[in-house]
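Visitor: coordinates only, sequence not included:
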């Protein structure tokens, strides 16, 4: 049924499509999620340079930064750091593990921007895959990538002769806190870059967010030495609590559940907020 | 299940103050090859984006595979395949892994048998474990079509399927497209600014110009609407419209750049009289256009399709853009 218009163009009469009678259920996202997550991991770990940097970077931290106070007598160092330690590297290890979770979102942000620029995001979103699924796969993918640094850095610390305290269960709790931290910050990073297609954005964001959060935390130095304004930031900063939790485990074999709870809430809120932002603002190209 | 694979009712898409698609309506019957033809910038890709749910409609509504694209985009996406103009694959993965990812995204658990069949059909089996980055353009196109077919869709959308391909590869793809349509019984919706492509492939064609449909029908129906031939003429002689119109047999005269476009009844009879009025040795170029989709477009819009685009985009420019996007 069509009607001829004055230009001879056949216009279709409105077609009434019967609403689908089959029962509607939300289309599951598990298969898409595992596909996207596997893709993130395979892309990362097939690149030999990624592996090299993942292994070398923690070594560099411990070797260079950890050696900064090598000539300071331990008693003076303990006075400065307000803690009884065997070396500055022992103090530093939980802090460096925590701060290295700050930047893991950069991997996910870069890979998302690459997918937008190469058009692969269109390929994904032209299948029954929701933007939230893409967001979560990217966030978890970059968090996972960050976690590889944990065993590498612990082995490096042992190689540097650092004494490690704590039971396996305490260590598992510390790793869980690091996972939460990585998830929270990769969600933050991905949400902030959701609408961007510019390669430079992640670097800029990294400097703006990550640098302050690294130094305004108890990760590298105790917050007791900070000026008031910086201590305030540090008191809110989840990096502080992950570092303190880890330091308790590594240095004195103690575990503070409150710290773990704080980081868990931080991760939960940011993953939720990030997914909502990603669903609304993530660009296709 | 409806008889029409796609129904578009007054679909409109505006980007700010720019209306890319302006109240476009059409139906695509199931099982055919439907071509949306028009110059670059006419709104072809935008129509694909709104029909596939990638971009939201500003106005109107559309049903694809029986589902409203606005209300049920996920249901639509489960039932359609898509082939991009610029060939979008994951170059770091093998052909087989690209198929595996597509199967994951489309939630097809039993995909290996069909994937093997498709690789055989497209003669890619020998290369299935090679990284896609090492494939030739023709192989990449074929793999992309295999990805689109993996979940047995009802409709495949192809955006400029042969843009940037050499003539041999283009012919091969034409055969594959008609083969896929025939053997798998899948409706194909394609866009093209190659008019001969639409003529060769499509059972139905809609001609799009500046976001609106100028004409629609089978290629033969459309060609039957054009009466007479077009002659494109470039001459070193100073001529004007009045002088050209005075030549017996000339029905219309239009200027497009330095080219004059004359409409005549039968070019065979007209050409001898043209050479009586215009000095043959001063003619730089002369081109006779028999009734074709190109002449349909010329009659409707007064322009040649390849000159009507916002920018004429040849394949070199196209791939330069792709490279820039990747760099």
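Guide: Good, I have the coordinates. Predicted model only: the values in this text are computed from it and were never measured. Residues are numbered from 1 along each chain as shown, chains lettered A, B, ... in the order given.
Visitor: now stretch B:183-198: mean pLDDT?
Guide: Stretch B:183-198 comes out with an average pLDDT of 90.
Visitor: what about it and chain A, any contact?
Guide: No: between stretch B:183-198 and chain A, judged by C-beta under 8 Å from any C-beta of the partner chain, nothing touches; the nearest distance is 13.2 Å. Backbone N, C-alpha and C define where each C-beta goes, glycine included.
Visitor: what distance separates the start and the end of that stretch?
Guide: Stretch B:183-198 stretches 20 Å from its first residue to its last (C-alpha to C-alpha, to the nearest Å).
Visitor: Stretch B:244-264 too?
Guide: One end of stretch B:244-264 sits 11 Å from the other (C-alpha to C-alpha).
Visitor: for stretch A:60-74, same thing?
Guide: Here stretch A:60-74 reaches across 22 Å from its first residue to its last, counting by C-alpha to C-alpha.
Visitor: what's the helix or strand for whichever residue of the stretch 1-150 of chain B sits closest to chain A?
Guide: Going by C-beta to the nearest C-beta, chain A is nearest to residue B:104 of the stretch 1-150 of chain B, at 2.6 Å. For residue B:104, the host element (DSSP states H and E) is helix B:95-105.
Visitor: Up against chain A, what does the stretch 51-200 of chain B have?
Guide: Counting by C-beta under 8 Å from any C-beta, the positions of the stretch 51-200 of chain B adjacent to chain A are B:52-55, B:63, B:66-68, B:72, B:74-75, B:77-78, B:80, B:82, B:84, B:86, B:88-90, B:92-93, B:97, B:100-107, B:109, B:147.
Visitor: Which members of the residues you listed are classed as buried?
Guide: Neighbour-count burial (16 or more other C-beta atoms under 10 Å in any protein chain shown) is assigned, among those, to B:52-55, B:63, B:66-68, B:72, B:74-75, B:77-78, B:80, B:82, B:84, B:86, B:88-90, B:93, B:97, B:100-107, B:147.
Visitor: Mark which of the residues you listed are part of strands, please.
Guide: Secondary structure from DSSP state E places B:63, B:67-68, B:80, B:82 of these in strands.
Visitor: now these in CSV, with pLDDT?
Guide: Formatted as CSV, the entries for these read as follows, by pLDDT from 0 to 100:
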residue, pLDDT
B:63, 95
B:67, 94
B:68, 95
B:80, 96
B:82, 95
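Visitor: tell me the two of those that are most distant?
Guide: Put simply, by C-beta to C-beta the two of these set farthest apart are B:68 and B:82, 18.6 Å from each other.
Visitor: Pass me the low-pLDDT residue ranges in chain B, would you?
Guide: When residues are selected by pLDDT under 70, those of chain B lie in B:1-2, B:306-327.
Visitor: What are the buried residues along the longest helix that it contains?
Guide: Longest helix in chain B by number of residues (criterion: DSSP state H): helix B:167-184. By neighbour count, with 16+ other C-beta under 10 Å as the criterion, the buried positions of helix B:167-184 are B:169-170, B:172-174, B:176-177, B:180-181.
Visitor: and after it, which helix or strand comes next?
Guide: Following helix B:167-184 in sequence order, the next helix or strand is strand B:187-192 (DSSP H and E).
Visitor: Neighbouring strands - and their directions - for that following strand?
Guide: With DSSP bridges as the criterion, the sheet partners recorded for strand B:187-192 are strand B:33-37 (parallel), strand B:155-159 (parallel).
Visitor: and of these, who's closest to residue A:38?
Guide: Closest to residue A:38 of those is strand B:155-159 (C-beta to C-beta; 26.1 Å).
Visitor: List of residues touching that closest one?
Guide: When contacts are defined by C-beta atoms under 8 Å, 6 or more residues apart in numbering or on different chains, strand B:155-159 is touched by residues B:5-6, B:28, B:44-45, B:48, B:51-52, B:64-65, B:79-85, B:145, B:148-149, B:177, B:180, B:186-191.
Visitor: and residue B:115, what element?
Guide: Remark: residue B:115 resides in helix B:112-121, with elements defined by DSSP H and E.
Visitor: Actually, residue A:259.
Guide: When elements are assigned from DSSP H and E, residue A:259 belongs to helix A:257-281.
Visitor: tell me which residues in that helix are buried?
Guide: Under the neighbour-count criterion of 16+ other C-beta under 10 Å, helix A:257-281 has A:259-260, A:262-264, A:266-267, A:270-271, A:274-275, A:277-278 buried.
Visitor: Skipping its backbone neighbours, what lies nearest residue B:260 in space?
Guide: Closest residue to residue B:260 in three dimensions, ignoring its sequence neighbours and counting by C-beta to C-beta, 6 or more residues apart in numbering or on different chains: residue B:233, at 4.6 Å.
Visitor: Measure how buried the one you found is and give me the count.
Guide: Residues within reach of residue B:233, counting by other C-beta atoms under 10 Å in any protein chain shown, total 21.
Visitor: who touches residue A:62 in this structure?
Guide: Residue A:62 makes contact with A:89, A:92-93, A:96, A:153, A:156-157, A:160, according to C-beta under 8 Å, 6+ apart.
Visitor: For the residue nearest in space to the middle of chain B, give the beta-bridge partners.
Guide: Centroid check for chain B by C-alpha atoms, centre = their mean gives residue B:192 as the closest residue, at 1.3 Å. Per DSSP bridges, residues listed as beta-bridge partners of residue B:192: residue B:37.
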